[in-house]
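A.B. asks: Structure for the following, please:
(2 chains)
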Amino acid sequence: MTTAETYVTAVYLVVLAVVLLYVVIYAFKMSRLEREVRELAELAAARRREPEPEPEQAPVG
Amino acid sequence: MSTSLRNRPGPALAVAAAVLLVGAIALAFYWVPDDADQGFSQRIFYIHVPLAITAYACFFWAAWKALRLLWKADERYDLESYTAVHMGVMFGILTLVTGSIWARISWGVWWSWSERQLVLFLVLFLFYSAYFMLRYSVDPGPRRARMSAVYALFGVVLIPVSFLAIRLAEDFIHPVVFTQRGPQMAGSMFVVFCLSFAGCLALAGALYQTELAGKRLDVRLRELRRALA
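C.D. replies: Predicted structure coming up:
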């Protein structure tokens, strides 16, 4: 491989590596968002299971 | 095209980017002839220049969204402008790195401070990098959105200066391919350049759509968490 071929290949590999790095970072972010959605869904389900507070009774008359 | 694809062009753009870029790289290596002046190393042009123009396009897109925000006072444009600046900076890094490798092989140096276009592109890149510092130094809200929008609009003024610098400079050594007489290259070279440019634009579009969807989801989740707290 000549020097020129090495440099040209390096350029294309750098671009590929940066795009792949971006995809990996984004995959981590998506898994974090997925975890947050799961946590919120559990929180909402727990809220639904809680008994509703009884309405306050006011004396009549 | 189905309704879902029109509404969510991200996957279609990602496929287009993959096809166009793989095709352009294959043609750049195996089809186009060696440049008479630069030889094999001229093949860096097919990725370096499209990356640079895509970075400019992202900054223009960010400025357009910033203008819409200031005009319509709709905060959704803030996230769109911010995502476009992020894309532009990423493509800017790639432009600087690929240009630096090209400079090493052609000029024997990694960087030349005497080259106005290089320095102006670096200034543009640093200007937009400072956008994030400004953004995160202000509390989220309409004030931050307006400040970021004004900053993104100011940055776009630097783009024509950076683009025209090479034509205004008389002592340049940076090659000029696109002149008033059109592209100064063989037809096969121009075809590969156009394919690569379309691929870079599609890649930027796909990443923009993906990142914007993630950021919107992040904002909605934060709102939901506050509501449930």
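A.B. asks: for the host helix or strand of B:Leu20, packing partners?
C.D. replies: Element membership for B:Leu20, per DSSP states H and E: helix B:10-30. Other elements packing on helix B:10-30 under the criterion 3 or more CB pairs under 8 Å, 6 or more residues apart in numbering or on different chains; DSSP states H and E are helix B:45-72, helix B:187-228. For glycine as for every other residue, the C-beta is placed from the backbone atoms N, C-alpha and C.
A.B. asks: Show me what from chain B comes close to chain A.
C.D. replies: Residues of chain B lying near chain A by CB under 8 Å from any CB of the partner chain: B:25, B:39-41, B:43-44, B:47-48, B:51, B:90, B:93-94, B:97-98, B:101-102, B:104-105, B:203, B:207, B:210-211, B:214, B:217-218, B:221, B:224-225, B:228.
A.B. asks: Among the residues you listed, name the buried ones.
C.D. replies: Neighbour counting over those (16 or more other CB atoms under 10 Å in any protein chain shown) leaves B:25, B:40-41, B:43-44, B:47-48, B:51, B:90, B:93-94, B:97-98, B:101-102, B:104-105, B:203, B:207, B:210-211, B:214, B:217, B:221, B:224 as the buried ones.
A.B. asks: Tell me how far A:Val14 lies from A:Glu5.
C.D. replies: Going from A:Val14 to A:Glu5 by CB to CB, to the nearest Å gives 15 Å.
A.B. asks: In terms of neighbours, single out the busier of these two.
C.D. replies: Neighbours were counted for A:Val14 and for A:Glu5 using other CB atoms under 10 Å in any protein chain shown; A:Val14 has more, 17 against 13.
A.B. asks: circling back: least confident of the helices and strands packed on helix B:10-30, on average?
C.D. replies: For those, mean pLDDT drops lowest on helix B:187-228, to a mean of 90.
A.B. asks: Distance from the chain centre to it, please.
C.D. replies: Centroid separation for helix B:187-228 versus its chain: 11 Å, with CA atoms, centre = their mean, to the nearest Å.
A.B. asks: What's the local residue count around the residue in chain A positioned nearest to chain B?
C.D. replies: Proximity of chain A to chain B (CB to the nearest CB) peaks at A:Ala4, 4.1 Å away. Number of residues near A:Ala4 (other CB under 10 Å) recorded here: 18.
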